[in-house]
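A.B. asks: Okay, structure incoming, though there's no sequence with it:
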Ligand SMILES: [Zn+2]
């Protein structure tokens with residue numbers, strides 16, 4: 001590891017290292033990561049499915065079981081005016097969720113027909129998708145195209161390894177859904193999860209895109225999400241989407257919302 005090189009750099013603060021004061025917190029985190037009980041629609045176990053998002057928000061590349069990660073949790077807790085325990089317990093998890101949720105489209109409105117365009121079917125995961133279901137908010141679509149071009153460059157830096165158009169990663173699964181269409185979906189799948197077929201869906205705006213990040217496209221099963229959060233496509237989105245104005249719905253690795261608020265970070 002390069003930790004010693006990093007902490008010896010001028011300007012590195014004591015808190016950055018994690019250090020022995022966070023060893024106990026790290027031990028607790030390594031248990032909570034897989035066992036913390038919390039509720040989101042149904043009972044959830046652990047926070048391991050959110051590790052990429054957590055690392056991004058906490059500005060750390062450290063392993064979630066490390067003292068360094070606990071140190072990053074503590075720094076974030078201080079920023080929130082909380083006690084710096086370094087332990088990612090239920091309270092801290094919900095503060096983080098609150099932060100993620102605050103970045104989403106709010107309020108949800110219904111797209112004006114004039115703000116929507118019909119995206120080419122080639123942009124979609126399902127090439128047989130009904131022609132009436134290809135609508136996307138114009139600005140969101142332009143931002144998506146920009147993001148896609150950048151993602152392709154980063155994920156496939158060598159020209160000869162660029163994926164062909166059959167590569168499904170980052171293609172659009174679903175974008176604009178009208179309230180009427182959403183109601184129909186709900187009738188067809190009464191057992192579907194609350195978030196997937198919400199009464200008031202951000203998909204009404206045309207600015208929420210479900211983007212293919214691997215596995216079953218839109219299944220919230222933990223085993224499926226565990227596959228998705230390891231995909232290069234998902235990890236790229238976590239790292240970069242906000243530069244293009246897209247923010248995640250933490251619970252659904254495929255669901256990204258364009259809020260237009262672009263974070264212009266240089267890297
Ligand atoms: Zn969605």
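C.D. replies: Nice, I can see it. Every value quoted in this text rests on a predicted model; they were computed, and no experiment measured them. Residues are numbered from 1 along each chain as shown.

A.B. asks: Not counting sequence-adjacent ones, nearest residue to residue 230?
C.D. replies: Leaving aside its sequence neighbours, residue 230 sits nearest to residue 214 (C-beta to C-beta, 6 or more residues apart in numbering; 7.8 Å). Quick note: C-beta positions are derived from backbone N, CA and C, even for glycine.

A.B. asks: Can you pull the phi and psi angles for that neighbour?
C.D. replies: Main-chain dihedrals, residue 214, degrees, to the nearest 10: phi 110, psi 170.

A.B. asks: and it, what is it in contact with?
C.D. replies: Residue 214 makes contact with 169, 227, 228, 230, 231, 233, 234, according to C-beta atoms under 8 Å, 6 or more residues apart in numbering.

A.B. asks: what about the closest residue to the ion within the chain, which helix or strand?
C.D. replies: Distances between the chain and the ion by C-beta to the ion are smallest at residue 255, namely 3.7 Å. Using DSSP states H and E, residue 255 sits within strand 252-258.

A.B. asks: who does that strand pair up with?
C.D. replies: strand 208-211 (antiparallel), strand 246-249 (antiparallel) (DSSP bridges).

A.B. asks: Residues contacting the next helix or strand after the first one, please?
C.D. replies: So that's strand 208-211. Counting by DSSP H and E, the next helix or strand C-terminal to strand 208-211 is helix 222-228. Where contact means C-beta under 8 Å, 6+ apart, the residues beyond helix 222-228 that reach it are 45, 48, 49, 213, 214, 215, 216, 219, 234, 253, 254.

A.B. asks: if you set the cut-off to 10 Å instead, what comes out?
C.D. replies: With C-beta atoms under 10 Å, 6 or more residues apart in numbering as the contact definition, helix 222-228 has outside contacts at 44-46, 48-50, 212-219, 221, 234, 251-254.

A.B. asks: buried subset of those residues?
C.D. replies: Using 16 or more other C-beta atoms under 10 Å as the burial test, the contacts of helix 222-228 include 44, 46, 48-50, 212-215, 217-219, 234, 251-254 as buried.

A.B. asks: wait, residue 88 sits on residue 60?
C.D. replies: No: counting by C-beta atoms under 10 Å, residue 60 is not a contact partner of residue 88; they are 11.8 Å apart.

A.B. asks: And the pLDDT at the residue nearest to residue 230?
C.D. replies: With respect to pLDDT, residue 214 scores 96.

A.B. asks: Could you check how far it is from residue 242?
C.D. replies: 21 Å (C-beta to C-beta, to the nearest Å).

A.B. asks: average model confidence for the longest helix that the chain contains?
C.D. replies: In the chain, taking DSSP state H as the definition, the longest helix is helix 138-155. Mean pLDDT, helix 138-155: 95.

A.B. asks: just stretch 68-80 next, same as before
C.D. replies: On average, stretch 68-80 scores 97.

A.B. asks: ditto for stretch 22-34
C.D. replies: Mean predicted lDDT for stretch 22-34 stands at 98.

A.B. asks: if we can go back for a sec, so in terms of bridging, what pairs with the residue of the chain closest to the ion?
C.D. replies: Beta bridges link residue 255 to residue 210 when assigned by DSSP bridges.

A.B. asks: So which elements touch the helix or strand that residue 30 is a member of?
C.D. replies: Using DSSP H and E, the element containing residue 30 is helix 23-35. Here helix 23-35 touches helix 67-79, helix 90-102, going by 3 or more C-beta pairs under 10 Å, 6 or more residues apart in numbering; DSSP states H and E.

A.B. asks: if we go to 6 Å?
C.D. replies: helix 67-79 (3 or more C-beta pairs under 6 Å, 6 or more residues apart in numbering; DSSP states H and E).

A.B. asks: Give me the residues contacting the helix it packs on.
C.D. replies: Outside helix 67-79, the residues within contact range by C-beta atoms under 6 Å, 6 or more residues apart in numbering are 15, 18, 22-23, 25-26, 29, 58, 60, 62, 84, 86, 88.
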